[in-house]
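# turn this into a structure:
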Amino acid sequence: MIEATDFKNAMALLTSAVNVVTTNGASGSHGFTASAVCSVTDTPPTLLVCMNHASRSHSHFVDNKTLSVNVLGAHHEQISNVFASKLPSNERFEHGSWSQLTTGAPILEDALVSFDCQIEQIQQVGTHSIFMCRVLAIKQSQQSESLVYFNRAYHQVGHLEVV
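Numbering: from 1, shown residues only. The predicted structure is shown next:
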């Protein structure tokens with residue numbers, strides 16, 4: 001039997017992109033920082049996003065049935081920390097510039113890339129929900145550096161320009 005602590009320690013060594021996942025709709029605007037996001041298929045374009053049931057915004061994502069995945073650039077460490085904090089949802093969105101694409105879920109204006117999605121299926125696995133999300137729109141920036149999380153710390157990867 002693998003202990004949860006051993007699993008978490010091992011997973012800390014899996015480098016992950018840092019994302020802010022947001023929603024908006026009848027249940028309001030909410031967001032959280034996530035590393036558990038990945039591509040499922042390109043036909044139709046689909047992502048999966050994992051979210052803990054205990055998260056205070058979990059029910060809002062389920063109710064709104066939309067989300068956007070905002071992949072953070074190297075300069076977004078503060079945005080990541082804000083959306084991982086205990087700040088109320090409305091105060092989180094005071095950080096950064098936000099707009100919308102198709103679904104109305106908030107899009108971070110200077111994200112590396114944003115995927116605007118409709119949640120099509122939700123599967124419960126242990127402590128988490130897996131949202132299967134159809135990508136309806138994509139907004140990509142010209143940035144070339146990404147924020148990643150490895151061994152419980154932020155790092156930057158990509159083409160760093162020398163000035």
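# who's in contact with residue 23?
Taking C-beta atoms under 8 Å, 6 or more residues apart in numbering, we find residue 23 in contact with 29, 30, 31, 57, 60, 61, 64, 66, 67, 68, 105, 106. Placement of C-beta: from N, CA and C, glycine included.
# so of the residues you listed, which ones are in strands?
30, 31, 66, 67, 68 (DSSP state E).
# adding pLDDT, neighbour count and distance to residue 13, write those residues out as TSV.
As requested, these are exported to TSV (pLDDT from 0 to 100; neighbours: other C-beta atoms under 10 Å; distance: C-beta to C-beta, whole Å):
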residue	pLDDT	neighbour count	distance to residue 13
30	98	28	30
31	98	27	27
66	98	20	33
67	98	29	27
68	98	31	28
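# between those, which is nearest residue 126?
residue 67 (20.4 Å; C-beta to C-beta).
# just checking, that closest one touches residue 60?
No: applying C-beta atoms under 8 Å as the test, residue 67 and residue 60 come out as separate, 10.0 Å apart.
# what about the strands in the protein?
Counting by DSSP E, the strands of the chain are 16-17, 19-23, 30-34, 37-42, 45-52, 66-71, 98-99, 107-108, 113-125, 128-140, 145-150, 153-158.
# just say which of those strands is most tucked in.
The highest mean neighbour count among these, using mean count of other C-beta atoms under 10 Å, belongs to strand 19-23: a mean of 28.
# where does that one sit relative to the chain's centre, distance-wise?
4 Å (C-alpha atoms, centre = their mean, to the nearest Å).
# report the mean confidence score over that strand.
The predicted model assigns strand 19-23 a mean pLDDT of 98.
# tell me what angle it forms with strand 37-42.
70 degrees (axes from the mean of the first three to the mean of the last three C-alpha atoms, to 10 degrees).
# returning to that earlier point: rebuild the ones in strands among the contacts of residue 23 as JSON lines, extending it with distance to residue 115.
What follows is these, written out as JSON lines (distance: C-beta to C-beta, whole Å):
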{"residue": "30", "distance to residue 115": "17"}
{"residue": "31", "distance to residue 115": "14"}
{"residue": "66", "distance to residue 115": "11"}
{"residue": "67", "distance to residue 115": "9"}
{"residue": "68", "distance to residue 115": "6"}
